[in-house]
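Novice: Output the structure for:
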Amino acid sequence: MQNPYSEKPDYQFWRRSMTGRTATGVDPIVRTGFSIGRADKVATAGSCFAQHVARKLRDMGFNYLNTEPEPAFAFSGPENFGVYSARYGNLYTVRQLLQLFRRAYGLFTPEDKAWKRADGRYVDPFRPYIHEAGFASPQEVEAERESHLAAVRQLFEDCDVFVFTLGLTEGWEAVNDGAVFPLAPGVVGADVAADGYRFHNFTVTEMEADLNEFLKRLHRINPACRVLLTVSPVALIATYEDSHVLTANTLSKSALRVVAGQVSGAFDFVDYFPSYEMILGPQAGAAFLAPDLREVTPEGVAHAMSVFAAHYLGEGESRMAAPVDAPPDAEAVARQRAAMAQIASVICDEEKIDSRS
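Specialist: Residues are numbered from 1 along each chain as shown. Now for the predicted structure:
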């Protein structure tokens with residue numbers, strides 16, 4: 001019997017495609033299901049890392065969709081407009097994404113309307129840090145929310161490409177109706193009963209079902225929309241499970257990667273972009289991690305986004321062919337670092353969890 005692997009291409013072999021390569025010498029994308037044209041309206045959502053995709057699209061002059069570009073009311077405040085395609089803040093879990101869709105189309109109305117903080121101001125439980133000053137009343141929260149959900153509906157109906165970054169499996173939900181939140185009420189400082197909320201770590205089965213439902217619902221209202229999934233390489237800032245944060249992070253990211261792989265293989269309009277593997281693969285070591293071993297360096301962001309641009313935006317070429325990178329031009333590296341340092345920071349609600357540091 002002939003060796004069944006003998007005719008397989010080099011990218012399917014570790015030694016031929018990984019050994020001897022540096023952090024920026026590996027391009028793991030074999031093929032893409034679609035490309036993004038300059039006229040395509042592209043929307044982004046998800047965990048903090050999704051903000052890098054949005055910035056790359058804007059910087060390159062692509063048609064980044066923003067359906068909520070400015071405050072609808074004087075009390076809305078100026079923060080967090082343009083961070084994502086609508087002002088929903090960080091959507092860390094798949095359930096949050098599905099819930100946002102359901103809420104936008106009147107399929108689910110959570111019991112939690114507004115949380116009162118210790119300073120007497122109110123926040124939207126589902127977007128607690130979109131307006132740091134808070135709102136003066138629950139009525140202001142509700143008015144702003146109605147305007148926001150209208151922008152969300154426009155986003156889902158108008159986008160040609162929807163990019164979603166899966167970030168976390170751990171979350172908090174209301175006991176009564178199962179509504180999920182980006183942060184526990186206690187992290188936000190909400191004046192609510194603690195026994196009304198509980199921790200939940202979503203399983204692969206739950207997340208796959210949620211993402212499948214979202215994609216089917218999205219395609220009913222927008223049949224031409226294409227979807228790009230990524231997994232955030234940024235580690236958990238903390239775990240609520242009684243385990244070391246390292247093992248909890250490994251479990252969480254592994255589950256997210258499985259979900260992204262299963263779902264992208266099940267829908268012909270869905271692709272997976274391997275930013276996670278480019279940042280944290282063995283070829284990179286810790287080269288793309290900041291000293292805290294959690295955040296991604298500007299160089300890591302630049303590498304992932306350059307590969308994204310090469311394959312999806314038709315800009316540049318893959319660097320897979322060279323086993324070892326050519327020595328970089330010093331001036332070019334300096335310019336790149338200066339430019340990327342300006343956009344490497346992202347807005348992450350979960351930073352509030354570790355408020356003692």
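Novice: pretty sure Phe73 is touching Ala143, no?
Specialist: Yes: judged on Cβ atoms under 8 Å, Phe73 makes contact with Ala143 at a distance of 6.3 Å. No exception for glycine: its C-beta is placed from N, CA and C like everyone else's.
Novice: So which of the two has more stuff around it?
Specialist: Ala143 (16 against 11; other Cβ atoms under 10 Å).
Novice: For the more buried one, pull up the helix or strand it's in.
Specialist: Applying DSSP states H and E as the criterion places Ala143 in helix 138-158.
Novice: For the spatially closest residue to Gly46 that is not a sequence neighbour, list the residues it contacts.
Specialist: Counting by Cβ to Cβ, 6 or more residues apart in numbering, Gly46 lies nearest to Thr165, which is 3.2 Å off, once chain neighbours are set aside. With contacts defined as Cβ atoms under 8 Å, 6 or more residues apart in numbering, the neighbours of Thr165 are Thr44, Ala45, Gly46, Ser47, Phe49, Ala50, Val53, Leu229, Thr230, Val231, Ser232.
Novice: Around Asp242, count how many other residues there are.
Specialist: Per other Cβ under 10 Å, the neighbour tally for Asp242 reads 6.
Novice: export the helix or strand harbouring Glu299 as PDB, just CAs?
Specialist: Element membership for Glu299 (DSSP H and E) is helix 298-312. Extracted C-alpha coordinates of helix 298-312, given in PDB (Å, rounded to 0.1, in the frame of the first residue of the first chain):
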ATOM      1  CA  PRO A 298       1.700  45.800  18.900                       C
ATOM      2  CA  GLU A 299       4.000  43.600  16.800                       C
ATOM      3  CA  GLY A 300       1.600  40.600  17.300                       C
ATOM      4  CA  VAL A 301      -1.400  42.700  16.300                       C
ATOM      5  CA  ALA A 302       0.500  44.000  13.200                       C
ATOM      6  CA  HIS A 303       1.400  40.400  12.100                       C
ATOM      7  CA  ALA A 304      -2.100  39.100  12.500                       C
ATOM      8  CA  MET A 305      -3.600  42.100  10.700                       C
ATOM      9  CA  SER A 306      -1.100  41.900   7.900                       C
ATOM     10  CA  VAL A 307      -2.100  38.200   7.200                       C
ATOM     11  CA  PHE A 308      -5.700  39.200   7.500                       C
ATOM     12  CA  ALA A 309      -5.200  41.900   4.900                       C
ATOM     13  CA  ALA A 310      -3.200  39.600   2.600                       C
ATOM     14  CA  HIS A 311      -5.900  37.000   2.400                       C
ATOM     15  CA  TYR A 312      -9.200  38.800   2.900                       C
END
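Novice: just how off-centre is that helix within its chain?
Specialist: Distance of helix 298-312 from the chain centroid (Cα atoms, centre = their mean, to the nearest Å) equals 15 Å.
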